[in-house]
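In: sharing a sequence plus its predicted fold:
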Amino acid sequence: MVIRICTLLFRRFYFFLLPAGHYLFHDTGLSDEAVGGLVLIISFVMLMTCLILMVKLLKSMLAGSMSKAIQRTINADFPGRAACLTGYVAILVGCAATVLVQSSSVVISALTPIVGLGMVSLDRVFPMMLGANLGTTSTAIIAAFAASGDRVEPAFQIALCHLFFNISGICIWYVIPPMRKVPLGAAKFLGKTISIYRWFSVVYGLGTFFILPGIIFALSLPGWEVLVGVGVPVLAVIVCVIVIKLLQRYCPHRMHPVCRTWGWLPIWMRSLEPLDAQITKCLKACRCHFCRKLGGVDDPNDERDTDDPGSVGAEMRGQKSDIVYWDNPRDYSSENGTFLTAQPYRCPGGVPMYYTASFQFQSSV
């Protein structure tokens, strides 16, 4: 209702300012393509601004008794044998919320600060986000009925393709319980990586949504032969790395001692530390708040910028070769964040973790 009222007020204000037959950027000499691109950029900036403000507002509102109520309700499971149905009900809740607001971005942006504040577990918000992706298909189905008479059938087919694509994704990544570990493990890994290297979030976003699709599109222009010739070796390398990682995790005794770790690779191929040193140096040289925040300059909790000789940041700068790389999750307790063994071993192929004298992880995730 609020969205409809705001839309109505905007339309009245819009038509009051512009005469009939005129539009925004009229008589500017810009072509239709330039006006369309400019309006697209303005709408994108407005969308991102609204989402950021909404997230900040939710973070300020979700405190005190409200946070405890959210933890009790959303994280609770159904009693008895019906506990296995809790996740599927969460999918329906996320789907219904997205259908009501007609935007999965709004639902996901509302869930993100709740998870960041620790009110909702990642395992519980995962099915809700799947439901949000399923609910956003309703927009395409509704838009398909707005097509002309002879174009309703192909438009509806495309909308159904969108629907069944999301349903098949839910069947693969949630209905099969072992497959849930893949997206959840990837999310936890990326979260831990970004908590250490903040600039990696920008690199990941640009690489996933722009660079990688651009490379694939550029390789497809000469023909499918070029795409296959480049893509197959890359996929083969990725599969080999995954197989070696699985063997290192579950069957290290069956591997050659050299292959049990990634220590034989150059450090720039197995760690982000060399790249982090260069990027952080460039970000610290910039005076804008965004770059300094990515570099950890304006964060008092970032121990990498502490000048104390005994801090973790001083140790990372002075003894980069002594950073602990943990590569065996079976010897690590995720409940209390401590090692199950007496001393941690160094494995250059794993993920760098901060630790104290008692070998407890210091992580913001």
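Out: Looks like it arrived, so ask away.
In: pull the longest helix from the protein.
Out: When the chain is parsed with DSSP state H, its longest helix is helix 32-61.
In: buried set for that helix?
Out: Using 16 or more other Cβ atoms under 10 Å as the test for burial, helix 32-61 gives Leu51, Leu58. Bear in mind the C-beta positions are built from the backbone N, C-alpha and C, glycine included.
In: which strands and helices lie in contact with that helix?
Out: Identification of packing neighbours for helix 32-61 by 3 or more Cβ pairs under 8 Å, 6 or more residues apart in numbering; DSSP states H and E yields helix 104-116.
In: and the helix or strand following the helix it packs on with helix 104-116, angle?
Out: Per DSSP states H and E, the first helix or strand lying C-terminal to helix 104-116 is helix 122-135. Orientation check (axes from the mean of the first three to the mean of the last three Cα atoms, to 10 degrees): helix 122-135 against helix 104-116 gives 180 degrees.
In: how far off centre is helix 122-135?
Out: 13 Å (Cα atoms, centre = their mean, to the nearest Å).
In: for the spatially closest residue to Phe126 that is not a sequence neighbour, list the residues it contacts.
Out: Leaving aside its chain neighbours, Phe126 sits nearest to Leu184 (6.2 Å; criterion: Cβ to Cβ, 6 or more residues apart in numbering). Contacts here follow Cβ atoms under 8 Å, 6 or more residues apart in numbering; on that basis Leu184 touches Leu122, Asp123, Phe126.
In: do the same with Gly94
Out: Residues near Gly94 by Cβ under 8 Å, 6+ apart: Val107, Pro127, Met128, Met129, Leu130, Gly131, Ala132, Leu134, Gly135.
In: what do you get if the cut-off is 10 Å, keeping everything else the same?
Out: Counting by Cβ atoms under 10 Å, 6 or more residues apart in numbering, Gly94 makes contact with 104, 107-108, 111, 125-135.
In: now the helix or strand hosting the residue nearest to Phe126: average pLDDT?
Out: Assessed by DSSP H and E, Leu184 sits inside helix 181-196. Averaged across helix 181-196, pLDDT comes to 90.
In: in that helix, what's buried?
Out: So, applying 16+ other Cβ under 10 Å, buried residues of helix 181-196: Pro183, Gly191, Lys192, Thr193, Ile194, Ser195, Ile196.
In: reformat these as JSON lines; add distance to Val237.
Out: As requested, these are exported to JSON lines (distance: Cβ to Cβ, whole Å):
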{"residue": "Pro183", "distance to Val237": "22"}
{"residue": "Gly191", "distance to Val237": "25"}
{"residue": "Lys192", "distance to Val237": "24"}
{"residue": "Thr193", "distance to Val237": "20"}
{"residue": "Ile194", "distance to Val237": "24"}
{"residue": "Ser195", "distance to Val237": "27"}
{"residue": "Ile196", "distance to Val237": "25"}
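In: and which of the contacts of Leu184 is nearest to Ala34?
Out: Nearest to Ala34 among the contacts of Leu184: Phe126, at 41.8 Å, using Cβ to Cβ.
In: next, count neighbours for the closest one.
Out: 21 (other Cβ atoms under 10 Å).
In: list the contacts for it?
Out: Residues near Phe126 by Cβ under 10 Å, 6+ apart: Gly87, Ala90, Ile91, Gly94, Val115, Trp173, Tyr174, Arg180, Pro183, Leu184, Ala187.
In: and the third one, what element?
Out: Pointing back at Ile91 there. helix 86-101.
In: quick check: mean pLDDT of that helix?
Out: 90.
In: and it, how far from the chain's centre?
Out: Distance, centroid of helix 86-101 to centroid of chain: 20 Å (Cα atoms, centre = their mean).
In: in that helix, what counts as buried?
Out: In terms of neighbour count (16+ other Cβ under 10 Å), helix 86-101 has its buried residues at Gly87, Ala90, Ile91, Val93, Gly94, Cys95, Ala97, Thr98, Val99.
In: same question for stretch 203-221.
Out: Leu219.
In: distance to Leu51 added to the buried residues of helix 86-101, as JSON lines?
Out: As requested, the buried residues of helix 86-101 are arranged in JSON lines below (distance: Cβ to Cβ, whole Å):
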{"residue": "Gly87", "distance to Leu51": "26"}
{"residue": "Ala90", "distance to Leu51": "22"}
{"residue": "Ile91", "distance to Leu51": "23"}
{"residue": "Val93", "distance to Leu51": "21"}
{"residue": "Gly94", "distance to Leu51": "17"}
{"residue": "Cys95", "distance to Leu51": "20"}
{"residue": "Ala97", "distance to Leu51": "16"}
{"residue": "Thr98", "distance to Leu51": "15"}
{"residue": "Val99", "distance to Leu51": "19"}
